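Student: Got a predicted structure here, sequence first:
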Amino acid sequence: MSFKEQLLAHHAAIVTGASSGIGLAVAEALAAAGAAVVVNYRSDGDRADALVERIVGDNGRAIAVQADVSDEADVARLFDVAAEAFGRIDVLVSNSGVQKDAAVADMSLADWNTVIDVNLTGQFLCAREAVRRFRVQPCKGRPARSAGTIIAMSSVHEIIPWAGHINYAAAKGGTRMLTRSLAQEVAADSIRVNAIAPGAIRTPINKDAWDSDAALEKLLRLIPYGRIGEPEDVARAAVWLASDQADYVTGTTLFVDGGMSLYPEFRDNG
C-alpha cells in the first residue's frame, strides 16, 4: 500500500496506555495506516520504547511519552509534547485502564478511586484536552474531514453488570455516557467522538481467563462467535473509526466482542 493510499496518512495520533495489550496493537495499527503515533505509557517505558523502535524500523513515525492520564498536568504535557513533535493532533485513542477487583464488602476506597481515576477521570481529562486542541488547530492542511477524532476504549461492561468488579463496570458505564454526551456537545465543531467496547480479548490483564484449556472453555461459553478476541480485532476497528471512512459516525459505541453482549445464556430460549 502506498503512503497516499493509507487511511491515516498525515494524521498524528495519541494512544494512551500503549505499551501493552490493546493499546499496543492500536498504536501499531495506526502507524501501519500512516499515522504518526505518540505511544503513551505510565510505567513500562521499555516496552513503549521497543514499540517505537519497531514502528520507526518499518518507516513509520512514533515517539514514546510517559504520562499518568489521571493527572491533569501530565495530560497537558502529553499533548504539548505530541504537538511539538508532529505539529498537530488529529486522533486521540483514550485506552489507559486498570482493574482492582474485589467483592463490594471487601473493596477498599483506594481501589475504587484508582479505577475511577484512571478509567473514567482519565477519559475526561484526555478528551477535554483533545477538544481544546482540535478547536484551535488550523483547518487548512488538516488531513481529515473532521476537526479531530476521539475514540474512548470502553468495554462490554458498559452495559453488562459485573459482580465483583463494580468499580470497573461503573467506570465503563460512565465512559458510555461521557462518549455520547461529549459527541452531542462537540459535533457542531466537526469533532467526532466514539467508543469501542471490547469483549474478551487475549491480553495480559485477563490472562487467568484464557491461559488454560479449562479457563478458555469456560470463557467461550460466553462468546457466541466461538473464539476469544485478539488485540488486532480491536485495532482494526480503531483505524476505521479514526479514518474518513467513518466520517458520519459519532456518539456511538462499536462492540468488538464476538457477540458477548448478546446475552448468550438465552441462546436456548433461556
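Tutor: The structure has been received and is ready for your questions. Residues are numbered from 1 along each chain as shown.
Student: all helices for the stretch 151-270 of the chain, in order.
Tutor: 166-186, 213-220, 231-242 (DSSP state H, counting those that start in this stretch).
Student: Next up, the contacts around the closest residue to His10 other than its chain neighbours.
Tutor: Excluding the flanking residues, the one nearest His10 by C-beta to C-beta, 6 or more residues apart in numbering is Pro143, at 3.9 Å. (Glycine included, C-beta is placed from N, CA and C.) Residues in contact with Pro143, defined by C-beta atoms under 8 Å, 6 or more residues apart in numbering, are 8-11, 90.
Student: do the same with Arg133
Tutor: The contact partners of Arg133, by C-beta under 8 Å, 6+ apart, come to 79, 83, 89, 148.
Student: Assign the residue nearest to His10 to helix, strand or coil.
Tutor: At Pro143 the chain is in coil, as set by DSSP: H, G, I helix; E, B strand; the rest coil.
Student: The chain should start at 31 in everything you say after this.
Tutor: All set: I'll call the first residue 31, so the last point we hit is now Pro173.
Student: contact partners of stretch 47-59?
Tutor: Against stretch 47-59 from outside (C-beta under 8 Å, 6+ apart): 43, 45-46, 67, 69-72, 74-75, 77-78, 81, 84-85, 92, 99, 123, 125-127, 183, 228, 231, 233-235, 260-262, 264-266, 268-269.
Student: Just the ones of these in strands?
Tutor: If you go by DSSP state E, the contacts of stretch 47-59 have 43, 45, 67, 69-71, 92, 123, 183, 228 in strands.
Student: So which helix or strand of the chain has the lowest pLDDT on average?
Tutor: Within the chain, no helix or strand scores below helix 243-250, which has a mean of 92 by mean pLDDT, DSSP states H and E.
Student: Any of the contacts of stretch 47-59 buried? List them.
Tutor: 43, 45-46, 67, 69-72, 74, 77-78, 81, 85, 92, 99, 123, 125-127, 183, 228, 231, 233, 261, 264-266, 268-269 (16 or more other C-beta atoms under 10 Å).
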